[in-house]
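Undergrad: Have a look; sequence and predicted model below, questions after that.
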Amino acid sequence: MRAFLSLALCFLLALPALAQETPESSGPDSAATGGAQTLEDILARQRGETVDDPARRAATGTPDDAAGMAGQLGTLGGASDAEVWRALRYGLDDVTVSSGGPEARVLIQDAGMSWLEFRKGPLSTYGAWLLGITIALLAVFYLLRGKIRIDGKKTGRTVTRFQAVERFGHWLMAGSFVVLAITGLVVLFGRTVVIPLLGHEAFSTVAVGSKWVHNNISWAFMLGLLMVFFMWVLHNIPNRTDLKWLAVGGGMFKKGVHPPAKKFNAGQKMIFWATIIFGASISASGLSLLFPFELPMFAKTFQALNDTGLPQLVGYGALPETLAPHEEMQLSTLWHSIMAFVLTAIIIAHIYIGSVGMEGAFDAMGTGEVEEQWAREHHGLWLEELQDKGHAADPARARTPAE
């Protein structure tokens with residue numbers, strides 16, 4: 001009986017609430033809160049839904065809303081604490097500083113959250129997939145094609161492929177890039193990969209060391225990049241011979257196919273220009289990160305792009321031409337990482353061909369000397385040029401009797 005009376009009492013108390021009609025609403029009503037976020041806003045963000053915040057963005061207070069004097073007690077002005085912080089967040093405040101320049105006025109950098117989400121999400125995910133797919137494709141290619149061997153009979157004679165200074169420039173750039181790639185991946189994937197393996201304390205030491213090495217070894221990479229560019233740029237200018245090489249895939253997919261090529265074939269030229277272009281872009285964004293207040297990169301770039309009308313043409317509208325140093329560093333970090341991922345994938349393919357992928361290829365950068373038959377099959381036009389200049393032996397001419 002007592003249980004029945006309790007249920008009846010609960011039902012009677014709930015009747016007023018059931019009788020009330022719940023108004024339909026298309027979204028959280030922030031007007032009633034003066035622009036402050038509501039519980040519905042918070043729940044929507046937790047569900048990952050997009051929250052439209054123009055009401056909050058505009059609700060930064062006004063002196064006209066200030067209350068009148070009450071005795072000796074006055075108001076703090078026409079803005080509440082929430083409105084002040086909202087104005088700081090969206091850059092709508094009127095902050096003045098005595099020193100430090102425009103960057104000192106940025107107290108809340110709202111774009112930092114978008115940067116963090118992109119860095120943890122699309123950047124890390126797609127970057128990892130790019131490197132993983134590259135390695136997988138190379139493994140499949142090796143299983144199907146195997147190591148590219150020298151088809152003809154080896155002569156036992158060698159030809160000088162690269163001088164010592166050329167090999168130094170190459171290894172300076174290549175070695176430093178490998179170190180930069182490893183330390184960069186440690187910094188990017190440290191929280192998700194390294195910490196679960198080594199723990200927080202060990203990762204702290206690894207992260208600090210990686211950052212120091214990354215910042216300082218970058219100078220070696222830039223020096224090597226300049227050396228390689230000036231030493232080989234003339235040899236990497238495209239010509240008609242490259243079309244013949246590309247037409248047969250450079251003989252990479254079929255045995256016995258050896259298209260003509262000079263000192264660098266079309267494939268090597270593509271790797272060269274990719275390294276120069278992406279390497280220069282990585283270096284520029286890296287310098288901007290090292291010296292964010294002295295070398296901002298994106299504001300001027302956006303201004304130049306706006307002048308061309310390209311962003312407007314593709315539907316982006318005018319890009320921002322005034323960026324705080326914080327925003328410059330965020331954009332530089334993302335661009336630096338994207339370019340590094342692409343170049344790393346290209347270099348992995350280059351390392352494959354120069355090591356296990358092709359017989360005799362490593363000798364070119366190892367000792368600088370290559371087997372004559374290897375040179376004839378992969379760089380026949382270059383070998384003929386050396387023989388015409390007397391820089392390489394020509395057995396055919398040696399057998400011809402003198403008149």
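TA: In hand now; what should we look at? Just so it is clear, the model here is predicted, and its values are computed rather than measured.
Undergrad: Flag the shaky bits of the stretch 251-400 of the chain, pLDDT-wise.
TA: The model of the stretch 251-400 of the chain has pLDDT under 70 over residues 395-400.
Undergrad: Helices along the stretch 151-300 of the chain, start to end?
TA: Using DSSP state H, counting those that start in this stretch, the helices assigned to the stretch 151-300 of the chain run over residues 164-189, 195-198, 200-232, 240-247, 266-290, 298-308.
Undergrad: possible to save those as CSV with mean neighbour count?
TA: Every C-beta, even on glycine, is put in place using the N, C-alpha and C of the backbone. Below are those laid out as CSV (neighbours: other C-beta atoms under 10 Å):
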stretch, mean neighbour count
helix 164-189, 17
helix 195-198, 12
helix 200-232, 15
helix 240-247, 14
helix 266-290, 19
helix 298-308, 15
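Undergrad: Give me the contact list for the host helix or strand of T125.
TA: Secondary structure from DSSP states H and E places T125 in helix 124-145. Applying C-beta atoms under 8 Å, 6 or more residues apart in numbering, the contact partners of helix 124-145 are 188-189, 192, 252-253, 337-338, 341-342, 344-345, 348-349, 352, 356-357.
Undergrad: Got phi/psi on K389?
TA: Main-chain dihedrals, K389, degrees, to the nearest 10: phi -90, psi 0.
Undergrad: show me what contacts the most centrally placed residue in the chain?
TA: Closest to where the C-alpha atoms of the chain average out (C-alpha atoms, centre = their mean) is I338, at 1.6 Å. Going by C-beta under 8 Å, 6+ apart, I338 touches 123, 127.
Undergrad: With E321 instead?
TA: So E321 contacts 299, 302-303, 306 (C-beta under 8 Å, 6+ apart).
Undergrad: one more time with 10 Å
TA: 298-307 (C-beta atoms under 10 Å, 6 or more residues apart in numbering).
Undergrad: related to what we said a few turns ago, which of the contacts of helix 124-145 are buried, as a ChimeraX select command?
TA: For the buried members of the contacts of helix 124-145, the matching ChimeraX selection, counting by 16 or more other C-beta atoms under 10 Å, is:
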select :188,337,338,341,342,344,345,348,349,352,357
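Undergrad: ok, the contacts of helix 124-145 vs P259, which is closest?
TA: Proximity to P259 was ranked across the contacts of helix 124-145 by C-beta to C-beta; first place goes to M252, at 10.2 Å.
Undergrad: could you measure the closest one against L246, distance?
TA: Distance, M252 to L246, using C-beta to C-beta, to the nearest Å: 11 Å.
Undergrad: Mutual contacts of the two, please.
TA: G267.
Undergrad: Going by residue numbers, what spans are helices in the stretch 301-403 of the chain?
TA: With DSSP H, counting those that start in this stretch as the criterion, the stretch 301-403 of the chain has helices spanning 310-313, 325-352, 361-366, 372-378, 380-388, 395-398.
Undergrad: now those helices as a markdown table including distance to A207?
TA: A markdown table is the format used below for these (distance: least, C-beta to C-beta, whole Å):
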| stretch | distance to A207 |
| --- | --- |
| helix 310-313 | 36 |
| helix 325-352 | 15 |
| helix 361-366 | 32 |
| helix 372-378 | 43 |
| helix 380-388 | 46 |
| helix 395-398 | 58 |
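Undergrad: of all the ones you listed, which lies closest to A181?
TA: helix 325-352 (5.1 Å).
Undergrad: Helix 298-308 and the closest one, what's the angle between them?
TA: Between the axes of helix 325-352 and helix 298-308, defined by axes from the mean of the first three to the mean of the last three C-alpha atoms, to 10 degrees, the angle is 90 degrees.
Undergrad: what separates helix 325-352 from the chain centre, distance-wise?
TA: 3 Å (C-alpha atoms, centre = their mean, to the nearest Å).
Undergrad: what angle sits between it and helix 164-189?
TA: Using the same axes, to 10 degrees: helix 325-352 against helix 164-189 is 120 degrees.
Undergrad: what residues are up against the spatially closest residue to A284 that is not a sequence neighbour?
TA: The shortest distance from A284 to any non-neighbouring residue, by C-beta to C-beta, 6 or more residues apart in numbering, is to M297 (6.3 Å). By C-beta under 10 Å, 6+ apart, the contact list for M297 reads 281, 284-285, 287-289, 323, 328-329, 331-332, 335-336.
Undergrad: And V187, by the same measure?
TA: Counting by C-beta under 10 Å, 6+ apart, V187 has contacts 194, 206-207, 210-211, 214, 337.
Undergrad: what do you get if the cut-off is 8 Å, keeping everything else the same?
TA: V187 neighbours (C-beta under 8 Å, 6+ apart): 207, 210-211, 214.
Undergrad: Reformat those residues as CSV; add pLDDT.
TA: Formatted as CSV, the contacts of V187 follow (pLDDT from 0 to 100):
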residue, pLDDT
A207, 91
S210, 94
K211, 94
H214, 95
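Undergrad: And these, which is closest to H391?
TA: So of the contacts of V187, ranked by how close each gets to H391 (C-beta to C-beta), first place is H214, at 41.1 Å.
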